[in-house]
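Visitor: model this:
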Amino acid sequence: MDEGYRVQAAVFAALGRTVAAWKIGLTSEAAQHAHGTCTPAAGRLSANALFRSGARVSPPPGEVYVEAELVVEMGSDLPHEKAPFDCEAVAAAIGPVYAAIEIASTRFADSDLCVGALVADNCMADRLVIGDTLAHSWDTAFADCPVTLEVGSHTVVSGSTAAVMGNPLLAVAWLANWLAGQGLGLERGQRISTGTCTGITEAGAGDTVVACFVGLGSVTFDFTT
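Guide: Okay, here's the model as predicted:
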């Protein structure tokens, strides 16, 4: 994983990009076990990878997956000098909370990757579509909120924010502390895609994708043909 992170950071730097959002992956025990690890993993997204709900997006080549995700925006900095961070400190630093859909795709021939290659592949983070504002600060209701994901007219998946480490706040706290270990901090205005609430679902050209955080808000986009 260490080598994978070095590759990920080097590629991002070579492209001249700055981090507008962090993606957290491997947020379930099953996903960690499948990749032979016991921790989540992080990826980077630049501003040009962020889209608003209703966008028309061209599908990337190769395998394409979509995931319903709860996204938080940092309302204040969490500098690495103040680590370690507990959930109370992290919750206090969170600003708006959004419904979102992550578009995931691999740069390799297929997605059957060892954990180091997965991390080097930016945890398959491709683009992020951000929808309705669900709240203007963290709320305990986000620990276990029902979520649905619809892909075209052929797939409906049910899930919950609880699928993300039992509570997405734990994922954000993990990221803050992991970054601190690298001498980095979370910055005000950065978004964090906290982890999939619905697993990974295949999608492709022509599909309309909708994620609904039941009773709170939704997000949608169309893949172009």
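Visitor: This protein: strands as residue ranges?
Guide: 21-25, 41-45, 50-52, 56-57, 64-74, 94-105, 125-135, 146-151, 155-160, 191-196, 201-202, 208-213, 217-223 (DSSP state E).
Visitor: Mind giving me the packing neighbours of the second one?
Guide: Using 3 or more C-beta pairs under 8 Å, 6 or more residues apart in numbering; DSSP states H and E, the elements in contact with strand 41-45 are helix 2-14, strand 21-25, helix 115-120, strand 125-135, helix 168-181. Where C-beta positions appear, they are placed from N, C-alpha and C, glycine not excepted.
Visitor: Redo the strands of the chain as CSV? Include mean pLDDT and mean neighbour count.
Guide: Putting these into CSV (pLDDT from 0 to 100; neighbours: other C-beta atoms under 10 Å) gives the following:
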stretch, mean pLDDT, mean neighbour count
strand 21-25, 98, 25
strand 41-45, 98, 23
strand 50-52, 98, 16
strand 56-57, 98, 13
strand 64-74, 98, 25
strand 94-105, 98, 24
strand 125-135, 98, 21
strand 146-151, 98, 20
strand 155-160, 96, 16
strand 191-196, 98, 26
strand 201-202, 96, 17
strand 208-213, 98, 22
strand 217-223, 98, 20
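Visitor: Distance to Val115 added to those, as TSV?
Guide: Converted to TSV, the strands of the chain look like this (distance: least, C-beta to C-beta, whole Å):
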stretch	distance to Val115
strand 21-25	10
strand 41-45	7
strand 50-52	26
strand 56-57	28
strand 64-74	17
strand 94-105	16
strand 125-135	15
strand 146-151	25
strand 155-160	23
strand 191-196	16
strand 201-202	22
strand 208-213	27
strand 217-223	28
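Visitor: how about the helices and strands packed on strand 41-45, which one is nearest Leu70?
Guide: helix 168-181 (5.0 Å; C-beta to C-beta).
Visitor: give me the beta-bridge partners of the residue sitting nearest the centre point of the chain?
Guide: The centroid of the chain falls nearest to Ser193 when counting by C-alpha atoms, centre = their mean (2.9 Å). Per DSSP bridges, residues listed as beta-bridge partners of Ser193: Lys23, Val71.
Visitor: That one and Phe108: what is the separation?
Guide: Ser193 sits 21 Å away from Phe108, going by C-beta to C-beta, to the nearest Å.
Visitor: How about Ala143?
Guide: Distance, Ala143 to Phe108, by C-beta to C-beta: 34 Å.
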